[in-house]
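1. Okay, here's the prediction I keep looking at, along with the sequence it came from:
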Amino acid sequence: MVQIKLENITRAFRLGESTVRALSSVSVTIDAGEYVAIMGPSGSGKSTMLNLLGLLDRPDAGRYRFEGRDVTTLASNELAAIRRTRIGFVFQSFHLIPRLTAAENVALPLMLAGESPEIRRQRVNDVLKKVGLSMRAGHRPDELSGGQRQRIAIARAIIMQPAILLADEPTGNLDRHTGQEVIELLETLNAAGMTLIVVTHDSSIGHRSRRRLMMVDGVLNDSRENT
Amino acid sequence: MNPSDTLRFAVRAAFSHPLRSSLLVLAMSIGMAAVVILTALGDGMRNYIVGQFVSLGSNLIIVMPGRTETGGLKLGSFATNTPRDLTIEDANSLQRVDHVRRVAPVSAGNTEVAANGRLREVMVIGTTANYIDIRRFSISQGRFLPDEDWNRSGYVAVIGSTLQNELFGDKSPIGQMIRVGDNRLRIIGVLSPAGQGLESNTDELVIVPVATSLAIFNTNTLLHILIETIDRDTIEPVKAKLEQIIRTRHTGELDVTLITQDAVLSTFDRILSATTMGLVGIAAISLVVAGILVMNVMLVAVTQRTAEIGLLKALGASNRSIMHLFITEATLLSLMGTLSGFILGHLGAWSIRLNWPILPAWPPAWAVAAALGVALCSGLVFGVMPAQRAAALDPVLALTGH
């Protein structure tokens, strides 16, 4: 089933006098349940690509169909609703709120969705078990190791049972061993049916995926089309 | 997002910067405390002064000679316009009016008194036995003027407490002679200390029979006549009747002025209420300044928490949810400031009452309610702009902390 369909997406930024084309006429199709790595040197447009896929940014031209729905023309609150229910984000710098406990950080999307405290508690327990951090539920982020923080962030990303998991350099702030564990956790989730899109410049991680989108100067090179 | 979650999130956010939040609360509470204390002072002063007037004797009408009025040029204008004397007979005639309880003619003048080898310049009041009841004075030694024919110039005097101390020291002055002008009078009583009053410092007065005083100062006219009615409601009818009697006695001309306690009282009331309002205005400025501080602190909070706002947006928070979070936080901070200022202000007013028991420094309810309203509104109003700024952040830029 086609989940994501980009057609001739262009996104440009103004940097002082000059205009930088972060994405030029990118077209790609991603099916539900795929495991895709977006790779490329820094400045190649892969972060812009991820922001567009995650509905955080809008293209200047082209069309984006998300689960069959044209999302390029939606209002920002409609985009927020899709992000809330269908998309999970994992960031390089974790983005945990330092004053909240691990469990409260994980519960944030449920709180934003207006779920009752009882349902929140139940679901948070479930996902914390899934990422193996039930014992750390009451700890604050600064009491956790980097790998634990990223696992908490992953728990937060999957608590709404999204269709897609977008990970932006998820191992960038971790050592090789913990990075490996985090990637394995993400792959487990993918194996359970969640579409996984990972942005990375680490080729060893990129090569674990079944499909690689190489980005150079805003132009996309799809590994599937080449093979 | 549920309101209770919004509130909890805002509380956690406010408490995550204890120093900044407490400074803001302090600023707000100083503004609020200023309103409470200043209005308590203003209103206390008003109550004190009004109370002083009431203690002068309520239900009082004062008849004074002379009247200022605008007149046209007519035949009568060429005749003399000098007001008639206000005499003891005038005062006497007013005693028979219905609802009048007491009448006291009053004359006054300054002269030299001498007793026990000492000399002093004092004010001499000439009046009758009723005066002590109308003015609510009391006697500490001896007795007041005897109740006798008002035209009889008895050679007796009652002196104020300061005067007694100055002239006689510790010795009892009762029965001693005092020279007032050219007359030698026998002291029959001493007033209890009373402080500042209508005519002058009552502790330095010499009070003599009204006929004696008129003789000493060689005049026929009284300073004024004090009339006490039986209650407040009868003041107006009595006043009308008094005017009618004086007019008849003074060949059809109303050449006196009648002042009622009420008129004086309400004038003072108005002036002092206006003063209190002025104080409220000054204090309100500090509340507005505190409101601007709320805005500043919230703008800093938005800047500091840019990445957090970006995260909330990525997690699917609507712009409205984010606005609510920040407005709630701003309102919460101003609410805490307002409440602590309210308590602080009441403590201040309480300590004023403790140190100056004479001043009834209670903040009026309207001022407190208005200040609470202003503080909350300014928190809300000044919180909106930072909250809008937070809601309008671009999620991509916000996530990277820009």
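-> It's in.

2. Tell me which residues of stretch B:378-397 come out buried.
-> B:378-380, B:382-384, B:386-387, B:389-391, B:393, B:395-396 (16 or more other C-beta atoms under 10 Å in any protein chain shown). Every residue, glycine included, has its C-beta placed from N, CA and C.

3. Next: stretch B:39-54.
-> B:39, B:40, B:41, B:42, B:43, B:44, B:45, B:46, B:47, B:50, B:53.

4. what does the stretch 251-400 of chain B put close to chain A?
-> B:307-308, B:310-321, B:395-396, B:399 (C-beta under 8 Å from any C-beta of the partner chain).

5. Oops, could you answer that again for the stretch 1-150 of chain B instead?
-> With C-beta under 8 Å from any C-beta as the criterion, the stretch 1-150 of chain B comes near chain A at residues B:1, B:2, B:5, B:9, B:12, B:13, B:15, B:16.

6. what residue lies at the spatial centre of chain A?
-> residue A:166 (1.4 Å; C-alpha atoms, centre = their mean).

7. Distance of residue B:61 relative to residue A:90?
-> 90 Å (C-beta to C-beta, to the nearest Å).

8. What residue in the stretch 201-350 of chain B comes nearest to chain A?
-> residue B:316 (2.4 Å; C-beta to the nearest C-beta).

9. my guess is that residue contacts residue A:88, does it?
-> No. Using C-beta atoms under 8 Å, residue B:316 makes no contact with residue A:88, being 10.2 Å away.

10. If you check chain A against chain B, which residue is the closest one?
-> residue A:84 (2.4 Å).

11. List the residues that contact that residue.
-> Residues in contact with residue A:84 (C-beta atoms under 8 Å, 6 or more residues apart in numbering or on different chains) are A:109, A:112, A:113, A:160, B:315, B:316, B:317.

12. Name the nearest of the residues you listed relative to residue B:251.
-> Comparing those against residue B:251 with C-beta to C-beta places residue B:317 closest, at 91.4 Å.

13. Helix, strand, or coil at that closest one?
-> coil (DSSP: H, G, I helix; E, B strand; the rest coil).

14. Can you tell me the closest non-neighbouring residue to it?
-> Nearest non-adjacent residue to residue B:317, counting by C-beta to C-beta, 6 or more residues apart in numbering or on different chains: residue A:112, 4.8 Å away.

15. What count of nearby residues applies to that neighbour?
-> The number of residues packed near residue A:112 is 24, by other C-beta atoms under 10 Å in any protein chain shown.

16. same deal with residue A:167?
-> By other C-beta under 10 Å, the burial measure for residue A:167, its neighbour count, is 27.

17. Please save the CA atoms from the stretch of helix or strand it belongs to in CSV.
-> For residue A:167, the enclosing helix or strand under DSSP states H and E is strand A:164-168. Extracted in CSV, the C-alpha atoms of strand A:164-168 (Å, rounded to 0.1, in the frame of the first residue of the first chain):
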residue,chain,number,x,y,z
ILE,A,164,5.3,6.2,10.4
LEU,A,165,8.3,6.6,12.5
LEU,A,166,10.7,9.4,11.4
ALA,A,167,14.1,9.3,13.0
ASP,A,168,16.6,12.2,12.4
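
18. so what secondary structure elements neighbour that strand?
-> Counting contacts by 3 or more C-beta pairs under 8 Å, 6 or more residues apart in numbering or on different chains; DSSP states H and E, strand A:164-168 is packed against helix A:46-53, strand A:87-90, helix A:176-191, strand A:195-200.

19. tilt between it and strand A:195-200?
-> 10 degrees (axes from the mean of the first three to the mean of the last three C-alpha atoms, to 10 degrees).

20. Direction-wise, compare strand A:164-168 with helix A:46-53 and give the angle.
-> Going by the same axes, to 10 degrees, strand A:164-168 makes 150 degrees with helix A:46-53.

21. quick check: mean pLDDT across strand A:164-168?
-> In this model, strand A:164-168 has a mean pLDDT of 95.

22. How far does that strand sit from its chain's centre?
-> Computed by C-alpha atoms, centre = their mean, to the nearest Å, the separation of strand A:164-168 from the middle of its chain amounts to 2 Å.

23. Same question for stretch A:48-65.
-> 13 Å.

24. Just the buried residues of that stretch, please?
-> Buried, per 16+ other C-beta under 10 Å, within stretch A:48-65: A:48-59, A:62, A:64-65.

25. Name the residue in residue B:316 and residue A:88 with the higher neighbour count.
-> Shown here are residue B:316 and residue A:88; by other C-beta under 10 Å, residue A:88 has more neighbours (28 against 25).

26. so that one makes contact with residue A:165?
-> Yes. Using C-beta under 8 Å, residue A:88 is in contact with residue A:165, at 4.7 Å.

27. quick one: common contacting residues for those two?
-> With C-beta under 8 Å, 6+ apart as the test, residue A:88 and residue A:165 both reach A:157, A:158, A:194.

28. mind listing what the second one touches?
-> This means residue A:158. By C-beta under 8 Å, 6+ apart, the residues touching residue A:158 are A:88, A:127, A:130, A:165, A:189, A:194.

29. Closest to residue A:41 out of those residues?
-> Among those, and counting by C-beta to C-beta, the member closest to residue A:41 is residue A:165, at 23.7 Å.

30. which ones are touching the closest one?
-> A:87, A:88, A:90, A:157, A:158, A:186, A:189, A:190, A:194, A:195, A:196, A:197.

31. What I need now is the residues you listed written out in TSV, including distance to residue A:221 and pLDDT for each item.
-> What follows is those, written out as TSV (distance: C-beta to C-beta, whole Å; pLDDT from 0 to 100):
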residue	distance to residue A:221	pLDDT
A:87	25	96
A:88	26	95
A:90	24	95
A:157	27	96
A:158	30	95
A:186	23	95
A:189	26	94
A:190	22	95
A:194	25	95
A:195	20	96
A:196	20	96
A:197	16	96
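
32. which one among those gets closest to residue B:160?
-> residue A:157 (90.7 Å).

33. Neighbours of that closest one, how many?
-> Neighbour tally, residue A:157, other C-beta under 10 Å: 27.

34. and what of residue A:194?
-> 21.

35. Low-confidence ranges, the stretch 51-200 of chain B, go.
-> B:54-58, B:68-83, B:195-200 (pLDDT under 70).

36. Can you list the low-confidence ranges for chain A?
-> Using pLDDT under 70, chain A drops low at A:226-227.

37. how about the residues of it near chain B?
-> A:51, A:54, A:56-57, A:76-77, A:80-85, A:89, A:91, A:95, A:97-100, A:108-109, A:111-114, A:156, A:160.

38. From those residues, keep the buried residues only.
-> Listed as buried from these are A:51, A:54, A:56-57, A:76, A:80-84, A:89, A:91, A:95, A:97, A:99-100, A:108-109, A:111-113, A:156, A:160; burial here means 16+ other C-beta under 10 Å.
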